[in-house]
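Student: with the sequence up front, the predicted model follows.
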Amino acid sequence: MDTQFTYKHFVNENTFSLLDPIFEATLLFAVLLLIIVIVKKVSIWFCLLFASLSAIVTGQLLWFSGIIADELNIEGSSKGFYCFVIMLLIHCAAIWISLVKSSKHEKIPQYSEEI
């Protein structure tokens, strides 16, 4: 098993692909969050916190992969960009579902007038 980090190990067909597994993992976590929100009632704050932190980290990762690809004078991987966009859409859906679930079960207090 060859585990050296050399140019030939993270460039496939003149495309920078070293960070593709990390983008796939963040997409997997986004799908996992969506499944948890669908199956179980999750706090909107937890959903917002997780979605915003993962979007920030993945956005920075996408930015830095572009910088690395530019410095190496090769193409950036489009897989990372598409994973980022799909992850953002999944997070928006999870937040929306969490909002709908939290507002559906909210009870409005009924006051009766007692004389």
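Tutor: Nice, I can see it.

Student: isn't Gly59 right up against Phe84?
Tutor: Yes: using C-beta atoms under 8 Å, Gly59 is in contact with Phe84, at 6.8 Å. C-beta coordinates here come from the backbone N, C-alpha and C atoms, glycine included.

Student: quick one: which of those two has more around it?
Tutor: It is Phe84, of Gly59 and Phe84, that has more neighbours when counted by other C-beta atoms under 10 Å, with 18 against 13.

Student: what residues are up against the closest residue to Ala51 other than its chain neighbours?
Tutor: Ranked by C-beta to C-beta, 6 or more residues apart in numbering and with sequence neighbours excluded, the top spatial neighbour of Ala51 is His91, at 3.8 Å. Applying C-beta atoms under 8 Å, 6 or more residues apart in numbering, we find His91 in contact with Ala30, Leu33, Ala51, Ser54, Ala55.

Student: right, I'll call it a day here.
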